[in-house]
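Novice: sequence and computational prediction follow.
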Amino acid sequence: MDFLDRIVLRGLRVRGNHGVFEFEREQGQDFVVDITLHLRLRAAAASDDVADTVHYGELADQVAAIVGGEPVNLIETLAERIAEAVLGDERVHTVEVTVHKPQAPIDQTFDDVAVTILRGRP
């Protein structure tokens, strides 16, 4: 059997200007992203060559560019954009993306607000 393996990137903190309120877009805030890629890593393990896997440094840069880029209203939209970009690599079968908004404008005391999506190939 050939199972899917995982690459996990947790706690990527990037400043972005996302939100439905104008002050969120003007002042910006930190977003934290967790990503789990499901793919086969057998070839990379055998070759010991970074070209045979998803380079997690490049993945972090790609996600940071999306979070730091064009503002959106919802973190759901931001998570979807990240998932679409990650699935651009044909080696990735499915991706789970969690976008945390720890400084969300909520009047109540809270630790975190997050949205998690799971996307895959048809």
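Specialist: Now that the structure is in, tell me what you want to look at.

Novice: can I get stretch 57-71 in CSV? Just the C-alpha atoms.
Specialist: What follows is stretch 57-71, C-alpha atoms only, in CSV (Å, rounded to 0.1, in the frame of the first residue of the first chain):
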residue,chain,number,x,y,z
GLY,A,57,10.8,27.4,2.9
GLU,A,58,9.3,28.2,-0.5
LEU,A,59,5.9,27.2,0.7
ALA,A,60,6.2,29.6,3.6
ASP,A,61,7.3,32.4,1.2
GLN,A,62,4.3,31.6,-1.1
VAL,A,63,1.8,31.7,1.8
ALA,A,64,3.3,34.8,3.3
ALA,A,65,3.0,36.6,-0.1
ILE,A,66,-0.7,35.7,-0.1
VAL,A,67,-1.4,36.8,3.5
GLY,A,68,0.6,40.0,3.0
GLY,A,69,-1.0,40.6,-0.4
GLU,A,70,-4.3,41.8,-1.6
PRO,A,71,-6.8,42.3,1.2
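
Novice: name the residues of it that are buried.
Specialist: Buried residues in stretch 57-71, counting neighbours by 16 or more other C-beta atoms under 10 Å, are found at 59, 62-64, 66-67. Glycine gets a C-beta too; all of them are placed from N, C-alpha and C.

Novice: residue 37: which of those residues is nearest?
Specialist: Closest approach to residue 37 among the buried residues of stretch 57-71 (C-beta to C-beta): residue 59, at 7.7 Å.

Novice: the closest one: what's it in contact with?
Specialist: The contact partners of residue 59, taken as C-beta atoms under 8 Å, 6 or more residues apart in numbering, are 7, 9, 35, 37, 86.

Novice: which helix or strand contains it?
Specialist: If you go by DSSP states H and E, residue 59 is part of helix 56-67.

Novice: quick one, helices of the chain?
Specialist: The residue ranges that make up the helices of the chain, judged by DSSP state H, are 22-27, 42-47, 56-67, 75-86.

Novice: how many residues are close by residue 112?
Specialist: For residue 112, the count of nearby residues is 11 (other C-beta atoms under 10 Å).

Novice: so what's residue 100 bridging to?
Specialist: Judged by DSSP bridges, the bridge partners of residue 100 are residue 32, residue 114.
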